[in-house]
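Trainee: how would this look folded up:
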Amino acid sequence: MKIKFAHTNIVSTDWKALVAFYVETFDCKIIPPIRKQSGEWLDKGTGVKNANLEGAHLLLPGHSGNGPTLEIYQYKNIEAQSLNSPNTRGFGHLAFEVDEVEEMLKRVLLNGGQANGEIVKRYVNGVGEITFVYVRDPEGNLIELQSWKKD
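Mentor: Have a look, this model is predicted:
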């Protein structure tokens with residue numbers, strides 16, 4: 001059996017604005033076509049009655065071809081939820097490895113994101129020194145910015 005990671009999905013309240021954030025901040029690239037999907041097949045596959053969505057797949061930095069991607073969709077009907085904490089059960093955050101955490105934090109803030117924690121450095125035995133901070137995109141999704149100095 002062949003297994004290959006394909007994508008991670010974010011459900012957005014404004015998919016175009018969130019796509020622009022990831023393109024501008026993290027140099028992601030839109031992979032056409034823009035998705036506009038609805039119908040009985042989508043209802044059945046998602047388990048959502050009257051599912052109707054629009055959005056895009058973004059090629060993640062450091063990768064080529066068709067993946068893996070970050071899929072950002074906006075459903076016509078979205079259920080509200082509160083922001084998750086880094087220690088909330090389930091999917092926690094996206095992580096981007098960057099050259100300079102401080103510079104990327106500035107870029108996140110400039111493009112409408114916000115800090116969630118403070119930049120810290122820590123040595124991890126057998127791996128090296130990590131510099132990292134958790135931030136949020138404009139819709140509150142958690143992102144880890146990390147940089148490693150390997151042993």
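Trainee: domains of this structure?
Mentor: Per automatic domain parsing, the domain ranges recorded for the chain read 7-75, 94-150.
Trainee: list the contacts for the spatially most central residue of the chain?
Mentor: By Cα atoms, centre = their mean, the chain has its centre lying nearest to residue 94, at 5.0 Å. Residues near residue 94 by Cβ atoms under 8 Å, 6 or more residues apart in numbering: 8, 70, 141-144. The C-beta positions use only the backbone N, C-alpha and C, and glycine is treated the same way.
Trainee: hmm, try it at 6 Å
Mentor: Residues in contact with residue 94, defined by Cβ atoms under 6 Å, 6 or more residues apart in numbering, are residue 143.
Trainee: ditto for residue 81
Mentor: Listed by Cβ under 6 Å, 6+ apart, residue 81 has no contact partners.
Trainee: equivalent analysis for residue 151, please.
Mentor: By Cβ under 6 Å, 6+ apart, the contact list for residue 151 reads residue 128.
Trainee: picking up where we left off before, who wins for proximity to residue 84 among the domains of the chain?
Mentor: Each of these has some distance to residue 84 by Cβ to Cβ; the shortest is domain 94-150, at 6.8 Å.
Trainee: helix or strand right after the helix ranked longest in the chain?
Mentor: Counting residues, the longest helix found in the chain (DSSP state H) is helix 15-26. Per DSSP states H and E, the first helix or strand lying C-terminal to helix 15-26 is strand 29-38.
Trainee: adjacent strands (with direction) for that next one?
Mentor: Taking DSSP bridges as the criterion, strand 29-38 forms sheet pairs with strand 52-59 (antiparallel).
Trainee: just the C-alphas of the strand it pairs with, formatted as CSV.
Mentor: The C-alpha atoms that make up strand 52-59 are tabulated as CSV, following Å, rounded to 0.1, in the frame of the first residue of the first chain:
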residue,chain,number,x,y,z
ASN,A,52,-20.6,24.4,-0.4
LEU,A,53,-17.0,25.6,-0.4
GLU,A,54,-14.5,27.8,-2.2
GLY,A,55,-10.7,28.0,-1.8
ALA,A,56,-7.2,27.2,-2.9
HIS,A,57,-4.3,24.9,-2.4
LEU,A,58,-1.0,26.5,-1.6
LEU,A,59,2.4,24.9,-2.3
